[in-house]
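S.K.: Here you go, sequence then predicted model.
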Amino acid sequence: MNGPRQSASFEIFDIELFKKQLLHWSIQFDHVCWLDSNSHDETYNSYDAIMAADSASVLECPVENAFQNLSDYRSKCNDWIFGYLSYDLKNDIEELHSQNYDGPNFPDMFFFQPRRLVFISGNKVTFSYLDETAEEIQDDLKTICKWPLMTDHHMKNDVKIKLRTHKDEYFHKVDQILSHIHRGDIYEVNFCQEFYAEETTINPIYTYQNLNRISRPPFATFLRNNDHYLLSASPERFLKKEGSKVISQPIKGTAKRSENKDEDEALKQKLAIDPKERSENIMIVDLVRNDLSSVAVKGSVQVDELCKVYTFDQVHQMISTVVGEVQQDVDPVDIIRSCFPMGSMTGAPKISAMKIIEELEDAKRGLYSGAVGYFSPNGDFDFNVVIRSILYHQANQYISYSVGGAITARSIPVSEYEECLVKAKAMRMVLDENLNDK
């Protein structure tokens, strides 16, 4: 049984420098979860950034009974817990199986109760430590503010990216999906492919920082579970609970950016009115509404934003916002379970789409298209969608990133493939150019 948390707040003059020092300092611990909004003016953000590190307890479990185990663990801790849900937890919800090749080989579920928590809002930094004294917080603050930012980690490994699904095979598989759609088996499938590198070593923290620097997304994540690392530049929120309100913000619809201002605006406007992209988004919004309705107060689920285009450093994205109200006695884990996996990463109808995904994809998704986030002691939570992310298994020297897109009746295989390459651009840049040693 842990004692109460000791908290202390401070004003930091150079918050961007402090964030870098804090992240570098945290890597000494075996369990770390760093969540960064990159100062996006996001309506539902509670914090600009959070650092959780140094586990007091850990939950790591396979698919079977995973959600029940998480519910029990959350109740037992009665504290902040941070971690992830892999995509394959769908097998704990439905009669589904995942037999595809699993290169990254991450645990199916991982959560930990951090001894050290740091919340950042503007220039205010709040430390919340478990079983530590105010003096120890002060000591850590002094250490972090002096922590050196190393500039050369002496790693010069070439990263040779391979394709799990080659281009011609990709086109063949999309044709098979279109056949399913034309037969009426499904309306939409999110079809993904893996890019990977073997016998390769990278510096996780530098790779993450370079990925974040060129993408600056609102749901960036650096997560460490011993020798498993997630380096994520996710732009998408899966699900957030704040009091009785639950919010989901699915992304469907992507357009590339242009350095030419007029051309960039034209690409944004074209995305906003594109009938295929809008139909993709609306289908997933309907799915999310249906998922939320199973746990929400009757009649409370509504769409606050439909098909709004947001601009990020690498791409334009079409995002919708679905909200609902839940009763106070609903288990927060049950809310997540009712909506998992997120519709933006499956398709519709969800179960049929997931079966086709398992049949046609060449790699097990694992943590990719799962979710990372936290539960607070009062049962609130916030989870992203694990996309635009690099998975790194340090011990196995295996690097993986996957990208995908929604296949609908209007899909053109060549266009879908090109969209995948647009989404993969940031990950490819930080690995191909070996920016992590600069």
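M.R.: Great, that's in hand. Residues are numbered from 1 along each chain as shown.

S.K.: what ranges do the helices span in the stretch 301-438 of the chain?
M.R.: Assigned by DSSP state H, counting those that start in this stretch, the stretch 301-438 of the chain shows helices spanning 332-339, 350-360, 413-432.

S.K.: where does the stretch 151-300 of the chain have low pLDDT?
M.R.: 151-157 (pLDDT under 70).

S.K.: Show the residue spans covered by the helices in it.
M.R.: 167-183, 204-215, 261-273, 275-293.

S.K.: Pick the most buried one from those.
M.R.: Neighbour counts (mean count of other Cβ atoms under 10 Å) averaged over each of the helices of the stretch 151-300 of the chain peak at helix 204-215, with a mean of 22. Backbone N, C-alpha and C define where each C-beta goes, glycine included.

S.K.: of all the helices of the stretch 151-300 of the chain, which lies closest to residue 8?
M.R.: Taking Cβ to Cβ, helix 204-215 is the member of the helices of the stretch 151-300 of the chain nearest to residue 8, at 25.8 Å.

S.K.: Please tabulate the helices of the stretch 151-300 of the chain in CSV, including the columns distance to residue 386.
M.R.: As requested, the helices of the stretch 151-300 of the chain are exported to CSV (distance: least, Cβ to Cβ, whole Å):
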stretch, distance to residue 386
helix 167-183, 21
helix 204-215, 13
helix 261-273, 23
helix 275-293, 17
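
S.K.: closest to residue 94 out of these?
M.R.: Of all the helices of the stretch 151-300 of the chain, helix 275-293 comes closest under Cβ to Cβ, at 12.7 Å.

S.K.: now that closest one, how far from the chain's geometric center?
M.R.: Offset of helix 275-293 from its chain centre (Cα atoms, centre = their mean, to the nearest Å): 19 Å.

S.K.: what does it contact?
M.R.: With contact meaning Cβ atoms under 8 Å, 6 or more residues apart in numbering, helix 275-293 is reached by 187-188, 246, 248, 250, 252-254, 271, 301, 303, 306-307, 318, 320, 322, 324, 338-339, 342-344, 346, 348-350, 406, 408, 410-411.

S.K.: Which secondary structure element is home to the most far-flung residue of the chain relative to its centre?
M.R.: The outermost residue of the chain, judged against the average C-alpha position, is residue 135 (35.0 Å), by Cα atoms, centre = their mean. Residue 135 is part of helix 134-145 when elements are defined by DSSP states H and E.

S.K.: Residue 24 against residue 149, yeah?
M.R.: Yes: contact between residue 24 and residue 149 holds when scored by Cβ atoms under 8 Å: they sit 6.0 Å apart.

S.K.: So for these two, which sits in the more crowded spot?
M.R.: Counted by other Cβ atoms under 10 Å, residue 24 and residue 149 do not tie: residue 24 has more neighbours, with 17 against 10.

S.K.: Let me see the contact set for residue 118.
M.R.: Contacts of residue 118 by Cβ under 8 Å, 6+ apart are 22, 50-51, 125-128.

S.K.: and those residues, which are buried?
M.R.: By neighbour count, with 16 or more other Cβ atoms under 10 Å, these hold 22, 50-51, 125, 127-128 as buried.

S.K.: Please list the members of those residues that lie in helices.
M.R.: Among the buried ones among the contacts of residue 118, the residues falling in helices (DSSP state H) are residue 22.

S.K.: which residues touch the one residue sitting closest to the centre of the chain?
M.R.: In the chain, the C-alpha nearest the mean C-alpha coordinate belongs to residue 386, at 2.6 Å (Cα atoms, centre = their mean). Counting by Cβ under 8 Å, 6+ apart, residue 386 makes contact with 84, 221, 230, 232, 234, 367-372.

S.K.: which parts of stretch 291-306 are buried?
M.R.: Quick answer for stretch 291-306 (16+ other Cβ under 10 Å): 291-292, 295-296, 301.

S.K.: ok, and what's touching stretch 132-150?
M.R.: Taking Cβ under 8 Å, 6+ apart as the rule, stretch 132-150 contacts 6, 8, 10, 18, 20-22, 24-25, 115-116, 127, 129.

S.K.: mind giving me a markdown table with those residues and columns for distance to residue 164 and pLDDT?
M.R.: Formatted as a markdown table, the contacts of stretch 132-150 follow (distance: Cβ to Cβ, whole Å; pLDDT from 0 to 100):
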| residue | distance to residue 164 | pLDDT |
| --- | --- | --- |
| 6 | 47 | 94 |
| 8 | 48 | 96 |
| 10 | 47 | 97 |
| 18 | 39 | 97 |
| 20 | 34 | 95 |
| 21 | 37 | 97 |
| 22 | 35 | 98 |
| 24 | 33 | 96 |
| 25 | 36 | 97 |
| 115 | 38 | 97 |
| 116 | 38 | 97 |
| 127 | 43 | 97 |
| 129 | 43 | 97 |
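
S.K.: ok, which pair from the residues you listed is furthest apart?
M.R.: Most distant of the contacts of stretch 132-150, by Cβ to Cβ, are 6 and 20, 25.0 Å apart.

S.K.: how about the strands of the stretch 301-438 of the chain, start to end?
M.R.: Using DSSP state E, counting those that start in this stretch, the strands assigned to the stretch 301-438 of the chain run over residues 302-311, 315-325, 347-348, 371-375, 381-384, 389-393, 398-407.

S.K.: Show me what the fourth one is packed up against.
M.R.: Okay, so that is strand 371-375. Counting contacts by 3 or more Cβ pairs under 8 Å, 6 or more residues apart in numbering; DSSP states H and E, strand 371-375 packs against strand 31-36, strand 81-85, strand 237-242, strand 381-384.

S.K.: got the angle for it vs helix 332-339?
M.R.: 160 degrees (axes from the mean of the first three to the mean of the last three Cα atoms, to 10 degrees).

S.K.: taking the mean pLDDT, what do you get for strand 371-375?
M.R.: Strand 371-375 shows a mean pLDDT of 98.

S.K.: Using CSV, write down the CA coordinates of it.
M.R.: Extracted in CSV, the C-alpha atoms of strand 371-375 (Å, rounded to 0.1, in the frame of the first residue of the first chain):
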residue,chain,number,x,y,z
ALA,A,371,-3.7,3.5,-27.7
VAL,A,372,-1.4,5.1,-25.1
GLY,A,373,-2.5,7.3,-22.2
TYR,A,374,-3.4,7.5,-18.6
PHE,A,375,-6.1,7.0,-15.9
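
S.K.: Would you mind pulling the contact partners of it?
M.R.: Under Cβ under 8 Å, 6+ apart, the answer for strand 371-375 is 33, 35, 50, 52, 74, 80-85, 221, 223, 230, 232, 238-239, 332, 336, 340, 342, 381-386.
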